[in-house]
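1. with the input below, show me the fold.
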Amino acid sequence: ISVTPENIYIYPNPASEFINVLVLEPFEKAQNLRIIDFSGRLCQEILLEPGLNNIKVPLNLKPGIYVTQVILGKLITFSQKLLVSH
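-> Residues are numbered from 1 along each chain as shown. This is a model prediction of the structure:
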């Protein structure tokens, strides 16, 4: 199963205390969710276990704009901007 942007939803956006990662077709292999700030610094990384389809991720981020990425090995399978507010 290929992971496409249509298979993954990250909400709410803007977020403050947490985000939900909804995976319509659960992963067959573990993937990493990375949250990166606009300077390119990795701020948070979470392992997404295979078979899960709704993951609640607590955020420990300052307000600002970030990029969320889902990574399988070295391949970025999903990328989306995330706005974090108070």
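
2. tell me how many other residues surround A15.
-> 19 (other CB atoms under 10 Å). (Each C-beta comes from the backbone N, C-alpha and C, glycine too.)

3. now the helices: where do they sit in the chain?
-> With DSSP state H as the criterion, the chain has no helices.

4. residue ranges with poor pLDDT in it?
-> Within the chain, the set of residues satisfying pLDDT under 70 comprises 1-6.

5. please enumerate the strands of it.
-> In the chain, the strands defined using DSSP state E lie at 8-11, 18-23, 31-37, 42-48, 54-58, 64-72, 75-84.

6. can you list those in JSON lines and add mean neighbour count?
-> Putting these into JSON lines (neighbours: other CB atoms under 10 Å) gives the following:
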{"stretch": "strand 8-11", "mean neighbour count": "17"}
{"stretch": "strand 18-23", "mean neighbour count": "17"}
{"stretch": "strand 31-37", "mean neighbour count": "18"}
{"stretch": "strand 42-48", "mean neighbour count": "14"}
{"stretch": "strand 54-58", "mean neighbour count": "12"}
{"stretch": "strand 64-72", "mean neighbour count": "17"}
{"stretch": "strand 75-84", "mean neighbour count": "15"}
